[in-house]
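**Q** Fold the following.
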Amino acid sequence: MATCIETMTCFPEKPLDVFNFYNIQYGIPTVVILGLLVGVIIAAIYLRTRNLAHLIVLSIYSFAVFGTMWINDEYLLEQYHTVMYIIALAMASLITVLFLKLVKE
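**A** Next up, the predicted model:
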């Protein structure tokens, strides 16, 4: 049985809805695909700069944002989206500053 993507009957309404293909076709959530894409970009930045501090800062922020997206999509209600993003970014900033202070000492 063909899916709507294979028959080209369901077109995306938003730009990021193209990643729903993996959810419909293979059952992989959109957050995982976006995380893999951002992970490849972070790896490319690290290979270009060879700077461990850049790698750690980008990784902490990406884990915080995608972790928050995952929690919001499955467990929490709509009105908590903004609060969760703010909390996640604040925690990521705190961890980043603490790590950079430990590296300097």
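**Q** From residue 50, how far off is the residue most central in space within the chain?
**A** Of all residues in the chain, the one closest to the mean position by CA atoms, centre = their mean is residue 66, 3.2 Å from it. Residue 66 sits 24 Å away from residue 50 when distances are taken as CB to CB, to the nearest Å. For glycine as for every other residue, the C-beta is placed from the backbone atoms N, C-alpha and C.
**Q** Mind checking what secondary structure residue 27 has?
**A** With DSSP: H, G, I helix; E, B strand; the rest coil as the basis, residue 27 sits in coil.
**Q** no no, residue 91
**A** Remark: residue 91 carries the secondary structure label helix [criterion: three-state DSSP].
**Q** Spatially nearest residue to it, not counting backbone neighbours?
**A** Excluding the flanking residues, the one nearest residue 91 by CB to CB, 6 or more residues apart in numbering is residue 64, at 6.3 Å.
**Q** residue contacts, that neighbour?
**A** 88, 89, 91, 92 (CB atoms under 8 Å, 6 or more residues apart in numbering).
**Q** Would you show me how to pick out the buried ones of these in ChimeraX?
**A** If you want just the buried ones from these in ChimeraX, going by 16 or more other CB atoms under 10 Å, the selection is:
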select :88,92
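**Q** My read is that residue 5 contacts residue 23, right?
**A** No. Under the criterion of CB atoms under 8 Å, residue 5 is not in contact with residue 23, lying 10.1 Å apart.
**Q** quick one: pLDDT of the residue nearest to the centre of the chain?
**A** What the model reports for residue 66 is a pLDDT of 85.
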